[in-house]
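Trainee: Output the structure for:
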Amino acid sequence: MTGQNGRVVVFAPSPQLTVTVEDLNGEPDIHVHPGGQGVWQARMITSLGTGVVLCGTVGGETGHVLKHLISDPLIEPQLLDVDARNGAYVHDRRDGSRDELVDMPAGELSRHDLDDLYELTLTHALDTGIALLSGPGNDRVLPHSLYRRLTEDLSANGCRVLADLAGGRLAQVLEGGPSFVKVSHEELIEDGRADSGDLPDLVAAIKEIAKRGPGTVVVSRAAEPALALVEDELFTLHVPDLSPVDTRGGGDSMTAGVAACLAKDEPMTDALRIGAAAGALNITRRGLGTGGGEAIRTLADRVELRPLSESWS
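Mentor: Residues are numbered from 1 along each chain as shown. Now for the predicted structure:
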């Protein structure tokens with residue numbers, strides 16, 4: 001099933017409050033934003049003109065601030081008030097690099113909060129027909145098994161489930177039968193799914209993941225072209241060369257770009273081009289999950305999907 005109303009549900013169980021210190025003419029310049037994987041993905045999806053229903057939780061002082069910061073005409077916040085606090089971090093970028101000063105982890109959600117979050121996400125995802133599952137900043141927020149429950153129940157009822165996860169979360173998603181999975185080659189190696197970053201090992205890992213249900217599997221490879229398996233056909237994704245400013249978050253933007261296109265019933269190959277362009281543009285900017293829709297679509301025209309047999313090296 002494709003998107004029913006042109007919107008994407010983004011499962012963002014516990015958004016983060018982000019504080020970044022930049023340099024402005026020799027003086028500190030402080031920026032406060034909502035963040036976390038799901039929020040950054042939602043931001044990129046809306047940049048491409050697709051609406052988002054953001055399902056998550058807010059609690060504590062950080063959650064109170066986040067409720068006011070998560071504001072966008074194309075984002076419908078569906079945020080449960082809970083006792084567990086949201087996480088936050090403070091990063092210093094005044095010397096051009098990203099130095100972590102403080103990282104406050106989010107609190108653990110209660111059993112009742114987990115039930116309510118599951119119900120909230122299920123309800124809205126069945127309405128939109130497409131859901132993107134993101135992760136919290138640490139493992140204690142919620143059990144990995146919730147990802148299996150959501151994936152299994154949504155997929156069984158005709159909803160397309162996309163995931164950009166790793167480790168135990170990815171394992172649980174695969175148990176549920178998702179439509180689309182994106183993972184980095186480093187995560188494949190760390191999880192023991194690939195012996196190395198060599199192409200034959202990565203291809204073997206992709207095919208093994210595909211046996212668990214997803215019709216499309218994408219593996220990002222840092223500076224190398226990403227790999228994509230689309231209905232048993234392997235491709236490499238070649239993007240224009242751009243000068244990176246901050247490589248963090250490029251993969252999340254890629255997945256978000258794919259979700260934005262699928263919600264509008266665009267073909268998977270076109271969605272992959274948009275996703276690759278979104279990821280490429282994101283790393284030229286300091287803001288995670290940012291990039292203009294017009295620029296992304298212009299770059300997408302220059303993204304090449306090459307059958308792997310033609311690009312094997």
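Trainee: where does R306 fall, helix, sheet strand or coil?
Mentor: strand (DSSP: H, G, I helix; E, B strand; the rest coil).
Trainee: Spatially nearest residue to it, not counting backbone neighbours?
Mentor: T236 (5.1 Å; Cβ to Cβ, 6 or more residues apart in numbering). No exception for glycine: its C-beta is placed from N, CA and C like everyone else's.
Trainee: cool, A280 as well?
Mentor: V239 (4.2 Å).
Trainee: Distance check, that neighbour against R94.
Mentor: Separation of V239 from R94 (Cβ to Cβ, to the nearest Å): 30 Å.
Trainee: if you count what's nearby, which of these two comes out ahead?
Mentor: V239 (21 against 15; other Cβ atoms under 10 Å).
Trainee: Wasn't P200 part of a helix?
Mentor: Yes: under three-state DSSP, P200 sits within a helix.
Trainee: For burial, what's the neighbour tally of it?
Mentor: For P200, using other Cβ under 10 Å, the count is 11.
Trainee: State the pLDDT value of it.
Mentor: Per-residue confidence (pLDDT) for P200: 94.
Trainee: Quick one: residues contacting the residue nearest to R306.
Mentor: P225, A226, L227, A228, L305, R306, L308, S311 (Cβ atoms under 8 Å, 6 or more residues apart in numbering).
Trainee: possible to save those as JSON lines with neighbour count and pLDDT?
Mentor: Output for these, formatted as JSON lines (neighbours: other Cβ atoms under 10 Å; pLDDT from 0 to 100):
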{"residue": "P225", "neighbour count": "19", "pLDDT": "92"}
{"residue": "A226", "neighbour count": "24", "pLDDT": "93"}
{"residue": "L227", "neighbour count": "22", "pLDDT": "97"}
{"residue": "A228", "neighbour count": "25", "pLDDT": "97"}
{"residue": "L305", "neighbour count": "18", "pLDDT": "95"}
{"residue": "R306", "neighbour count": "14", "pLDDT": "94"}
{"residue": "L308", "neighbour count": "16", "pLDDT": "87"}
{"residue": "S311", "neighbour count": "17", "pLDDT": "48"}
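Trainee: Which stretches in the stretch 101-250 of the chain count as strands?
Mentor: 130-133, 160-163, 180-184, 216-221, 224-230, 233-238 (DSSP state E, counting those that start in this stretch).
Trainee: quick one: the helices in the stretch 151-300 of the chain?
Mentor: Per DSSP state H, counting those that start in this stretch, the stretch 151-300 of the chain carries helices over the ranges 167-176, 185-190, 199-210, 250-262, 268-282, 293-300.
Trainee: need these in CSV with distance to G26, can you?
Mentor: Listed next are those as CSV, based on distance: least, Cβ to Cβ, whole Å:
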stretch, distance to G26
helix 167-176, 42
helix 185-190, 37
helix 199-210, 46
helix 250-262, 30
helix 268-282, 28
helix 293-300, 30
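Trainee: Deepest-packed of those, please.
Mentor: helix 250-262 (a mean of 29; mean count of other Cβ atoms under 10 Å).
Trainee: now that one, how far from the chain's geometric center?
Mentor: Counting by Cα atoms, centre = their mean, to the nearest Å, helix 250-262 is centred 7 Å from the centre of its parent chain.
Trainee: Same check on stretch 260-280?
Mentor: With Cα atoms, centre = their mean, you get 13 Å for stretch 260-280.
Trainee: average pLDDT for it?
Mentor: 95.
Trainee: pull the CA atoms of that stretch into CSV?
Mentor: Provided in CSV are the C-alpha atoms of stretch 260-280 (Å, rounded to 0.1, in the frame of the first residue of the first chain):
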residue,chain,number,x,y,z
ALA,A,260,8.7,11.7,1.3
CYS,A,261,8.5,10.4,-2.2
LEU,A,262,6.8,7.1,-1.4
ALA,A,263,4.1,9.0,0.4
LYS,A,264,3.3,10.7,-2.9
ASP,A,265,3.3,7.4,-4.8
GLU,A,266,6.6,8.1,-6.7
PRO,A,267,8.5,5.0,-8.0
MET,A,268,11.2,3.6,-5.8
THR,A,269,14.0,4.4,-8.2
ASP,A,270,12.9,8.1,-8.2
ALA,A,271,12.6,8.0,-4.4
LEU,A,272,16.2,6.6,-4.2
ARG,A,273,17.5,9.5,-6.3
ILE,A,274,15.8,12.0,-4.1
GLY,A,275,17.0,10.3,-1.0
ALA,A,276,20.6,10.2,-2.2
ALA,A,277,20.4,13.9,-3.2
ALA,A,278,18.9,14.8,0.2
GLY,A,279,21.7,13.0,2.0
ALA,A,280,24.4,14.6,-0.2
